[in-house]
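A.B. asks: Got a predicted structure here, sequence first:
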Amino acid sequence: MRKIGLFGGTFDPIHLGHLLAAESARETANLEEIWFIPTAIPPHKPGPGADARARCQMIEAAIGDNEAFRLELVELEREGTSYTIDTINELQERHPHTQFYWIVGSDMVNDLPNWRKIDELVERVSFIGLERPDQPIDESELPSSIIKKLVRAQMPPLGISSTDIRHRVREGKSVRYMVPNAVLAFIRGNDIYGT
């Protein structure tokens, strides 16, 4: 069985925090690859500012130098609201000899009991919870079925967010060292986020 980490998000834009999180998860769980899955319509937040094509191009630019990272378009191909259970069902059908790990931040780990069809999801995947020092995972609120399928990964503190990057770009401020150079060049060259 291959061990693959799945990292979903809007990636609007992808930044160094995403890459560090993916690498931390890969190393902690000894995964072969991390697949970045850009969402079409996220269920928990507003739609992305950049279109799907631009977000995919930024992901490809960011991960191009890491052979363990790849772009997976399953949610964009399906369209509509992106629910994890639908994504897992489809990927397991396509890749039956693969053990999948869904990567989430500690804030989302604490919210897992509220996810759509969580009981079915827990039977199908494990979770890698990226723990930030300021937001620990609270197992006292989690059912034992989730705790058994949870791998904790330490996330070095890095205060970068896609929202802040979009605001800084719109205001003409620098986002250098917040995104990979290739992503910065793409944002500038394609007038993403009102540059």
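C.D. replies: Looks like it came in fine. Residues are numbered from 1 along each chain as shown.
A.B. asks: can you pull the contacts of Gln105?
C.D. replies: Not quite, residue 105 is Gly, not Gln. Going by Cβ atoms under 8 Å, 6 or more residues apart in numbering, Gly105 touches Ala21, Gly129, Leu130, Arg132, Gln135, Met155. Glycine gets a C-beta too; all of them are placed from N, C-alpha and C.
A.B. asks: Just confirm Arg168 is within a helix.
C.D. replies: Yes - the assignment for Arg168 by DSSP: H, G, I helix; E, B strand; the rest coil puts it in a helix.
A.B. asks: That one - how many residues pack around it?
C.D. replies: 14 (other Cβ atoms under 10 Å).
A.B. asks: Downstream of the longest helix seen in the chain, the next helix or strand is which one?
C.D. replies: In terms of residue count, the longest helix belonging to the chain (DSSP state H) is helix 16-29. Tracing the chain C-terminally past helix 16-29 and defining elements by DSSP states H and E, one meets strand 33-38 next.
A.B. asks: Just want the angle from the following helix or strand past that next one to helix 16-29.
C.D. replies: As assigned by DSSP H and E, the chain's next helix or strand after strand 33-38 is helix 52-63. Taking axes from the mean of the first three to the mean of the last three Cα atoms, to 10 degrees, one finds helix 52-63 and helix 16-29 inclined to each other by 60 degrees.
A.B. asks: Which ones among the contacts of Gly105 map onto strands?
C.D. replies: Gly129, Leu130 (DSSP state E).
A.B. asks: Can you say which two of the contacts of Gly105 are spatially most distant?
C.D. replies: Pairwise distances among the contacts of Gly105 were taken by Cβ to Cβ; the largest, 13.0 Å, belongs to Ala21 and Gln135.
A.B. asks: on that earlier part again, buried subset of the contacts of Gly105?
C.D. replies: Listed as buried from the contacts of Gly105 are Ala21, Gly129, Leu130, Arg132, Met155; burial here means 16 or more other Cβ atoms under 10 Å.
A.B. asks: Flag whichever of those residues scores worst on pLDDT.
C.D. replies: Confidence by pLDDT is poorest for Arg132 among the buried ones among the contacts of Gly105, given 79.
A.B. asks: what are the phi and psi values for the closest residue to that one other than its chain neighbours?
C.D. replies: Distances taken as Cβ to Cβ, 6 or more residues apart in numbering put Met155 closest to Arg132, at 5.2 Å, once the chain neighbours are dropped. The phi and psi torsions at Met155 (degrees, to the nearest 10) take the values phi -110, psi 110.
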